[in-house]
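Asks: next one to model:
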Amino acid sequence: MSGRVVHFEIPFADGEKAREFYREAFGWVVTEPPGMSYALAATGPTDNGAPTEPGFINGGLLRRESPNDSPIVVIEVDDIDTSLARIEELGGTTVLAKQAVGEIGHAAYFKDVDGNIMGLWQSA
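Replies: Purely as a prediction, here's the structure:
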């Protein structure tokens, strides 16, 4: 299990306003893939969506709705099901079980022991 922070998600009420804010405030490249209600936020140079320099991660902007009602840090794991089981053994809870993200991997959300919602990512 890598345990690395590999992604972030920032919720919005007004997508156009949020995308423009992050573009203008930080120079992020914000794109909207066709057929998705999600915007990808590149915070530095990328190659096919992946960071090309150490020290930064990319993220996404999405509509504010439960469980995504506050910013979320996403942690990479080898196996989401195993990780969720361990999280629950340690007192955390599953908020959203493993779901496919197209052909690229799987995502899930959990609540830690202090009530913070965090994300999990498993590459395909």
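Asks: any stretches of the chain with poor pLDDT?
Replies: In the predicted model of the chain, residues 1 satisfy pLDDT under 70.
Asks: please enumerate the strands of it.
Replies: 5-12, 29-31, 38-42, 46-47, 50-51, 59-63, 72-76, 93-101, 105-111, 117-123 (DSSP state E).
Asks: just put those in TSV and tack on distance to I87.
Replies: Yep, even glycine has a C-beta here, placed from its N, CA and C like the rest. Conversion of those to TSV gives the following (distance: least, Cβ to Cβ, whole Å):
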stretch	distance to I87
strand 5-12	16
strand 29-31	31
strand 38-42	24
strand 46-47	30
strand 50-51	26
strand 59-63	22
strand 72-76	10
strand 93-101	7
strand 105-111	5
strand 117-123	8
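Asks: pipe these into JSON lines and attach mean neighbour count per row.
Replies: JSON lines is the format used below for the strands of the chain (neighbours: other Cβ atoms under 10 Å):
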{"stretch": "strand 5-12", "mean neighbour count": "18"}
{"stretch": "strand 29-31", "mean neighbour count": "15"}
{"stretch": "strand 38-42", "mean neighbour count": "19"}
{"stretch": "strand 46-47", "mean neighbour count": "11"}
{"stretch": "strand 50-51", "mean neighbour count": "12"}
{"stretch": "strand 59-63", "mean neighbour count": "19"}
{"stretch": "strand 72-76", "mean neighbour count": "18"}
{"stretch": "strand 93-101", "mean neighbour count": "14"}
{"stretch": "strand 105-111", "mean neighbour count": "19"}
{"stretch": "strand 117-123", "mean neighbour count": "19"}
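Asks: and A25, how many residues sit next to it?
Replies: Residues near A25, counting by other Cβ atoms under 10 Å, number 8.
Asks: how about the strands of the chain, which one is nearest E20?
Replies: With Cβ to Cβ as the measure, strand 29-31 is the member of the strands of the chain nearest E20 (8.3 Å).
Asks: give me the contacts around the top helix by length along the chain.
Replies: When the chain is parsed with DSSP state H, its longest helix is helix 15-26. Helix 15-26 is contacted by residues I10, F12, W28, V29, V30, E32, A39, A41, T43, L61, R63 when judged by Cβ atoms under 8 Å, 6 or more residues apart in numbering.
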